[in-house]
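# curious how this folds, go ahead:
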Amino acid sequence: MFEKNESAVDRIVRTVAGGGLLIASFASLGVTSAKPLGIVAALVGAVLLFTAATGSCLLYKLVGVDTAKSK
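Below is the predicted model of the structure:
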């Protein structure tokens, strides 16, 4: 279903960044009190974690980037 287009390093960076954004959104950015910055941070973090888990990034596919290919 999802064509892999992310390298292992790309997926690790996305996992760390996504997890950090989710933690920050709950800890201090106010996602639980419906503050816009907290909601945006939580959404971006969730998308980063999803793309890291699947190994596929739709934005990469749209612009023709493939970090999974070795040269």
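
# in stretch 15-22, what's buried?
For stretch 15-22, burial by neighbour count (16 or more other Cβ atoms under 10 Å) applies to 18, 21, 22. Every residue, glycine included, has its C-beta placed from N, CA and C.

# so how far is the helix or strand harbouring residue 50 off the chain centroid?
Secondary structure from DSSP states H and E places residue 50 in helix 36-54. Centroid separation for helix 36-54 versus its chain: 5 Å, with Cα atoms, centre = their mean, to the nearest Å.

# hmm, back to that, now render the buried residues of stretch 15-22 as TSV, adding secondary structure, distance to residue 2 and pLDDT.
Compiled in TSV, these are given as follows (DSSP: H, G, I helix; E, B strand; the rest coil; distance: Cβ to Cβ, whole Å; pLDDT from 0 to 100):
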residue	secondary structure	distance to residue 2	pLDDT
18	helix	16	97
21	helix	21	94
22	helix	21	93
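
# distance to residue 30 for those residues - can I get that in TSV?
What follows is these, written out as TSV (distance: Cβ to Cβ, whole Å):
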residue	distance to residue 30
18	18
21	13
22	13
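
# distance check, the residue minimising distance to the centre of the chain against residue 33.
The chain has residue 48 as the residue nearest its centroid, 0.8 Å off, counting by Cα atoms, centre = their mean. Distance of residue 48 to residue 33, computed by Cβ to Cβ, to the nearest Å: 23 Å.

# who touches the closest residue to residue 45 other than its chain neighbours in this structure?
In space, and not counting its chain neighbours, residue 45 is closest to residue 21: 3.2 Å by Cβ to Cβ, 6 or more residues apart in numbering. Listed by Cβ atoms under 8 Å, 6 or more residues apart in numbering, the contact set of residue 21 reads 41, 42, 44, 45, 48.

# how deep is the fourth one tucked in, by neighbour count?
Read that as residue 45. 22 (other Cβ atoms under 10 Å).

# that one is in contact with residue 20, isn't it?
Yes: if you go by Cβ atoms under 8 Å, residue 45 and residue 20 touch, sitting 7.3 Å apart.
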